[in-house]
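>>> Provide a 3D model corresponding to the input given below.
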Amino acid sequence: MAEIQIEGANGWASGLPTWRIESHWLLDIFWGGRPMTGYHAWIFSFMALVFHWPVFAAGAWSPKLEARILGSLMIFWIIEDFSWFLFNPGWGWAKFAPAFIPWHKKWLVGLPLDYVTFTVVGALLIGWSWRTQPQASGTGR
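As a prediction, this is how the structure comes out:
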C-alpha cells in the first residue's frame, strides 16, 4: 500500500524523480529487462536487510536459513507486486494484462514470467530449508 502512495498510477517508478538505467545486459538477465531505478535499488536492498535482520541479530546464519530468507523474499515480492495492481485505483484487475504493463516484458499463463519463476524457485528454496536430514538407523544394516 505504501508503494501505491509513492508511485500512484505510474508503475515502475516512471513518474518518480529518481535515476534510471534503462537497459543493460545484466538487467535482462537478473531484472527481467526492466529499468533499474534509484527507488527500486533502495527498496529491494532495504527489504533484503529487513528479511535478513533476525538472522543477523541472532548470529545464527546457515545455508538453510538463507534459502528460507531468499524464498520468502521472492514470494513477498510477488504478493507485493500483484497487490500493487489489485489495490491501485489507477489500475485494478482489468488492467492486469501484458497490453497495459510494459515493464513486465514476458508473460506465461496470464502472469508475468517473474511471478511463475519466483513462485517455483521460492517454494523450492523454502521447502528445502525445512527439509530434515534422514536419521541414521544405527542397526548396522
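>>> where in the protein is pLDDT low?
Under the criterion pLDDT under 70, the flagged ranges of the chain are 137-141.
>>> hey, where'd the helices end up in it?
Along the chain, counting by DSSP state H, helices occupy 2-7, 25-30, 38-58, 63-87, 113-130.
>>> nearest the middle, which residue of this protein would you pick?
The residue lying closest to the centre of the chain (C-alpha atoms, centre = their mean) is residue 77, at 3.3 Å.
>>> of all the helices of the chain, which lies closest to residue 16?
Residue 16 lies closest to helix 38-58 among these, at 5.4 Å (C-beta to C-beta). (Glycine included, C-beta is placed from N, CA and C.)
>>> relative to helix 63-87, how tilted is that closest one?
Orientation check (axes from the mean of the first three to the mean of the last three C-alpha atoms, to 10 degrees): helix 38-58 against helix 63-87 gives 140 degrees.
>>> so how far is helix 38-58 off the chain centroid?
Taking the mean of its C-alpha atoms, helix 38-58 sits 12 Å from the chain's own mean (C-alpha atoms, centre = their mean, to the nearest Å).
>>> can you list the residues that contact it?
Residues from elsewhere that reach helix 38-58 (C-beta atoms under 8 Å, 6 or more residues apart in numbering): 3, 6, 12-13, 16, 18-20, 61, 65-66, 69, 72-73, 76-77.
>>> let me know the closest of the residues you listed to residue 118.
Among those, residue 77 lies closest to residue 118 (C-beta to C-beta), at 6.8 Å.
>>> redo the helices of the chain as a markdown table? Include distance to residue 99.
Below are the helices of the chain laid out as a markdown table (distance: least, C-beta to C-beta, whole Å):
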| stretch | distance to residue 99 |
| --- | --- |
| helix 2-7 | 20 |
| helix 25-30 | 22 |
| helix 38-58 | 23 |
| helix 63-87 | 13 |
| helix 113-130 | 16 |
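>>> residue 109 contacts residue 117, correct?
No - Residue 109 is beyond contact range of residue 117, at 12.0 Å (criterion: C-beta atoms under 8 Å).
>>> compare those two and say which is more crowded by neighbours.
residue 117 (16 against 7; other C-beta atoms under 10 Å).
>>> ok, the more buried one - contacts?
No contacts exist for residue 117 under C-beta under 8 Å, 6+ apart.
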